[in-house]
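>>> My questions are about this predicted structure, shown below with the sequence.
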Amino acid sequence: MTEPWMAFYIESFFELSTERSVGMGIGPIPWSSIFNYASAFEFTGSDYHTFHSIIRAMDSHYLRMKANDSKRIPEANGNSRKKHKS
C-alpha cells in the first residue's frame, strides 16, 4: 500500500510530466514547472528543496527507463517495418 506522502509525490510527478517538451525525444520536467507547482502548495525553504529533489530524482529515473526502452524496442526507433518482396 502506498503511504499518503508517497501518493502525493507520485501524483505530483505524473501531473508535472504533462509539462515536458517532446520533440526529437522526451525532455525533462522543466525547472519552472516544478517551481510553480511547489509554489501552488506554498512550499518554501527546505520543503521546496525536498519536493524539487524528489521530483527531479523521479524524473531522472523515468528518463533513464525511457532511454533504455527505446534501445530495446525496435519500434521505438522506427525500425519495425519489414520490407516485403513482391
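Done, it's in. It should be emphasised that the depicted structure is a prediction, and the values quoted were computed from it without experimental measurement.
>>> residue ranges with poor pLDDT in this structure?
1, 73-86 (pLDDT under 70).
>>> Show me the longest helix that occurs in it.
The longest helix of the chain (DSSP state H) is helix 45-72.
>>> phi, psi of residue 22?
Taking degrees, to the nearest 10, you get phi -130, psi 130 for the backbone angles of residue 22.
>>> change the start of the numbering to 35 and stick with it
With the count now opening at 35, the last piece we talked about shows up as residue 56.
>>> ok, back up a step: show me what the longest helix of the chain packs onto, helices and strands only.
Counting contacts by 3 or more CB pairs under 8 Å, 6 or more residues apart in numbering; DSSP states H and E, helix 79-106 is packed against helix 38-51, helix 65-74. Where you see a C-beta, it was placed from the backbone N, CA and C, and this is true even at glycine.
>>> Go through those helices and name the closest to residue 102.
helix 38-51 (17.5 Å; CB to CB).
>>> Give the closest residue to residue 44 in space, chain neighbours not counted.
Closest residue to residue 44 apart from its sequence neighbours, by CB to CB, 6 or more residues apart in numbering: residue 36 at 7.0 Å.
>>> Give me the most central residue, this structure.
residue 93 (4.1 Å; CA atoms, centre = their mean).
>>> how far away is that one from residue 104?
17 Å (CB to CB, to the nearest Å).
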